[in-house]
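Enquirer: my questions are about this predicted structure, shown below with the sequence.
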Amino acid sequence: MRALTGSELLSLWEHGASRHALDRSALLAAAARPDWPAEAIADLPLGAVNASLLQLRAACFGARIDGHADCPRCGQRLAFALDARELLAPAHDDDLTPREAEVAGLRVRAPSLRDLAAVAADADAERAARELLARCTLAGDAARLDEAALRAVEEGLDALDPQADLALALQCVACGHADLVQLDAGQLLWEEIEARALVLLREVHHLASAYGWSEAQILALTPARRASYLAMVGAA
């Protein structure tokens, strides 16, 4: 997967800035995988979308991910670093093929961005989870499952689409509490794009003010040349 050019990155930032996070993930996935039909992305398994976002992030910004999370017990801020490639499971032969399985008397499919969007506004997490399961149930009655069966279905869905739910195990250095931190591939990529876009805009502003060049001309410069011109402008 190739890295985005400066012009492509700014265009993504411009089009994604005002979108809902889930819609933004679909936009980013379309940029990562132009071979996918754009209209199909919202219905693809979440794992396929997440993988495309992690691959694009690695191509554009490197595989290392630096992040932080707050301990839910004592509030201590915990820093972590990981390699995006460690989160990538072996690719399916065809990411466009629905992933389905028989679990606890149900036939279920892997959830998609469209499914998450349908339940995103529900503040009741348990009710949202059951609605999500109902949407992903192709055969059987999900409403009749007891807690044990629900756990079995959850485990089955995790096995069916392991990259749908990205999590990192952390232990608090202050109180020793161990917990799982959920990683949002779309948010991780978007934060890098937003930060880089603002840097590019400042560079365009400085060079356009100094030389009168257009945005397209400035972005067409290699990063090394652009940095050299910026250094000369700063020294003037």
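Expert: Right, received. Where do you want to start?
Enquirer: L230 reaches H206, doesn't it?
Expert: Yes: counting by CB atoms under 8 Å, L230 touches H206, with 6.1 Å between them. No exception for glycine: its C-beta is placed from N, CA and C like everyone else's.
Enquirer: identify the spatial nearest neighbour of D83, chain neighbours not counted.
Expert: The shortest distance from D83 to any non-neighbouring residue, by CB to CB, 6 or more residues apart in numbering, is to A63 (4.9 Å).
Enquirer: phi, psi of that neighbour?
Expert: Phi and psi for A63, reported as degrees, to the nearest 10, are phi -80, psi -20.
Enquirer: pull the number of nearby residues for it.
Expert: Residues lying near A63 (other CB atoms under 10 Å) number 16.
Enquirer: would you mind measuring from it to A69?
Expert: 20 Å (CB to CB, to the nearest Å).
Enquirer: which residues in this structure form strands?
Expert: 64-70, 77-83, 100-103, 106-109, 137-139, 166-171, 178-183 (DSSP state E).
Enquirer: low pLDDT regions in this protein?
Expert: For the chain, the stretches with pLDDT under 70 are 90-95.
Enquirer: for the closest residue to D43 other than its chain neighbours, list each beta-bridge partner.
Expert: In this structure, D43 finds its nearest non-sequential neighbour in S112, 4.9 Å apart by CB to CB, 6+ apart. Listed by DSSP bridges, the beta-bridge partners for S112 are P45.
Enquirer: pretty sure S112 is touching A48, no?
Expert: No: here S112 lies out of contact with A48, judged by CB under 8 Å, at a distance of 9.2 Å.
Enquirer: buried residues in stretch 223-235, which are they?
Expert: For stretch 223-235, the neighbour count (16 or more other CB atoms under 10 Å) marks 226, 229-230 as buried.
Enquirer: again with stretch 98-111
Expert: In stretch 98-111, counting by 16+ other CB under 10 Å, buried: 99, 101, 103-104, 106, 108-111.
Enquirer: quick one: contacts of it?
Expert: If you take CB atoms under 8 Å, 6 or more residues apart in numbering as the criterion, stretch 98-111 is touched by 45-47, 92, 132-133, 135-142, 145, 149-150, 152-153, 155-157, 159-161, 164.
Enquirer: CA atoms only: put that stretch into PDB for me.
Expert: Coordinates of each C-alpha in stretch 98-111 appear next as PDB, following Å, rounded to 0.1, in the frame of the first residue of the first chain:
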ATOM      1  CA  PRO A  98     -19.400 -11.900   3.900                       C
ATOM      2  CA  ARG A  99     -18.100 -13.700   7.000                       C
ATOM      3  CA  GLU A 100     -20.700 -16.000   8.500                       C
ATOM      4  CA  ALA A 101     -20.800 -18.600  11.200                       C
ATOM      5  CA  GLU A 102     -23.200 -20.900  13.200                       C
ATOM      6  CA  VAL A 103     -23.000 -20.100  16.900                       C
ATOM      7  CA  ALA A 104     -25.300 -21.000  19.800                       C
ATOM      8  CA  GLY A 105     -28.200 -21.900  17.500                       C
ATOM      9  CA  LEU A 106     -27.800 -18.700  15.400                       C
ATOM     10  CA  ARG A 107     -26.400 -18.000  12.000                       C
ATOM     11  CA  VAL A 108     -24.600 -14.700  12.300                       C
ATOM     12  CA  ARG A 109     -22.500 -12.500  10.100                       C
ATOM     13  CA  ALA A 110     -19.600 -10.200  11.100                       C
ATOM     14  CA  PRO A 111     -20.800  -6.600  11.900                       C
END
